[in-house]
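*Asks:* here you go, sequence then predicted model.
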Amino acid sequence: MNVVLTLVLGAVILFLLLAVFLWLLRYQRTDIAQKPQLKFNEELAEELVFPHLQVEKPKPEPPPEMELPRNYGIDRLVLMVRDPHWLYAYWEISATKQEEFNSSYGPGAWNVSRPVLRVYEVVGNNFSGQNAVGYTDISLGNQDDNWHINVGKPNSTFCVDLGRVFPDGRFVTLLRSNMVTTPRESLSDVLDEEWMWIEDIYRILSGYSYGMSSPMLVEQMGLKKGVVPLGISSPGVSSPGQGQSWR
């Protein structure tokens, strides 16, 4: 009796295990088959119903622009040439320079004086402040740090002082610029005989074949111009010579 009961109970347990295994296997196959279809249906529904809800990735912000500082905390006065008639000056005066000015000329000296740009016309490369040909003063504002200067003198040398003028007319120099020379307004009156022959060389070579010897080239140039310079080169490379006549 016990043996029969044991066999029946084992058969029931085996049947239950087999039923559970088959059910799990069928559920797994059904789930695998339905997942791609569900995913496709969800993506299709999102595209058709909510196309405007697509989230865009935020664009990276550009790096902040670097701004050059207006002041560098140094004392400087720079003079530059713009053209034969105009100069350009820019400057910076530090707080230390202002304190030194008040210490030398009394408290409040900076406030009772006014800024002036004094433009000197000089001769040569040495300028002491006393050997100028002449000068002119330009009144400035306390906030000015650059100025365009109309000198109206081509081929002239200039230097500029930035200073303060007291009510009694005293001028105190704070900064002195470099010296500059304005360019010529007309063509140079220095003619280089050697350089004037370059155009003739190309004109003659264009009319002859390659391989012409140097004596032949000189002879042809002499026949056309009547005078041939002893050296055809840039100044300083060959020593200058007098013209030679070809008869």
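*Replies:* Sure thing, it's come through. Residues are numbered from 1 along each chain as shown.
*Asks:* mind giving me the domain ranges of the chain?
*Replies:* 76-181, 195-245 (automatic domain parsing).
*Asks:* the ones you listed: lowest mean pLDDT?
*Replies:* Note on the domains of the chain: domain 195-245 shows the lowest mean pLDDT, a mean of 48.
*Asks:* so residue 142 sits against residue 115, correct?
*Replies:* Yes. Because the distance of 6.2 Å satisfies CB atoms under 8 Å, residue 142 is recorded as touching residue 115. Every C-beta, even on glycine, is put in place using the N, C-alpha and C of the backbone.
*Asks:* look at those two and report which has more neighbours.
*Replies:* The neighbour count for residue 142 versus residue 115, taken as other CB atoms under 10 Å, is higher for residue 115 (19 against 8).
*Asks:* in which helix or strand does the more buried one reside?
*Replies:* Applying DSSP states H and E as the criterion places residue 115 in strand 114-122.
*Asks:* and what of residue 147?
*Replies:* When elements are assigned from DSSP H and E, residue 147 belongs to strand 146-150.
*Asks:* again with residue 111
*Replies:* Using DSSP H and E, residue 111 maps to helix 109-112.
*Asks:* what of residue 78?
*Replies:* Per DSSP H and E, residue 78 falls inside strand 76-81.
*Asks:* how about that strand as CSV, C-alpha atoms only?
*Replies:* The C-alpha trace of strand 76-81 is given here as CSV (Å, rounded to 0.1, in the frame of the first residue of the first chain):
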residue,chain,number,x,y,z
ARG,A,76,53.8,105.2,-21.7
LEU,A,77,53.4,107.6,-24.6
VAL,A,78,53.7,106.3,-28.1
LEU,A,79,53.8,108.4,-31.3
MET,A,80,53.1,106.9,-34.7
VAL,A,81,53.0,108.3,-38.3
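*Asks:* what's the distance between the closest residue to residue 113 other than its chain neighbours and residue 186?
*Replies:* What sits nearest to residue 113 in space, not counting adjacent residues and going by CB to CB, 6 or more residues apart in numbering, is residue 164, at 3.8 Å. Distance of residue 164 to residue 186, computed by CB to CB, to the nearest Å: 39 Å.
*Asks:* and for residue 8?
*Replies:* With distances taken as CB to CB, residue 8 is found 131 Å from residue 186.
*Asks:* residue ranges of the strands in the chain, please?
*Replies:* 76-81, 86-92, 114-122, 134-139, 146-150, 157-165, 171-176, 180-181, 227-228, 244-245 (DSSP state E).
*Asks:* check contacts around residue 103.
*Replies:* Residue 103 is in contact with no residue at all, counting by CB atoms under 8 Å, 6 or more residues apart in numbering.
*Asks:* renumber starting at 198 from here on
*Replies:* Got it, first residue is 198 now, which makes that one residue 300.
*Asks:* so residue 369 touches residue 310, yeah?
*Replies:* Yes. The criterion here is CB under 8 Å, and residue 369 meets it with residue 310 at 7.4 Å.
*Asks:* apart from its chain neighbours, what residue comes closest to residue 278?
*Replies:* Distances taken as CB to CB, 6+ apart place residue 377 nearest to residue 278, at 4.9 Å, with adjacent residues excluded.
*Asks:* buried sites along the strand holding residue 275?
*Replies:* 274, 276 (16 or more other CB atoms under 10 Å).
*Asks:* that strand pairs with which strands?
*Replies:* Note on strand 273-278: by DSSP bridges, its sheet partners are strand 283-289 (antiparallel).
*Asks:* tell me which residues in the strand it pairs with are buried?
*Replies:* 284, 286, 288-289.
*Asks:* now do stretch 344-360
*Replies:* Judged by neighbour count (16+ other CB under 10 Å), stretch 344-360 contains these buried residues: 344, 346, 348, 354-360.
*Asks:* gap between the two ends of it?
*Replies:* Taking CA to CA, to the nearest Å as the measure, stretch 344-360 stretches 14 Å from start to finish.
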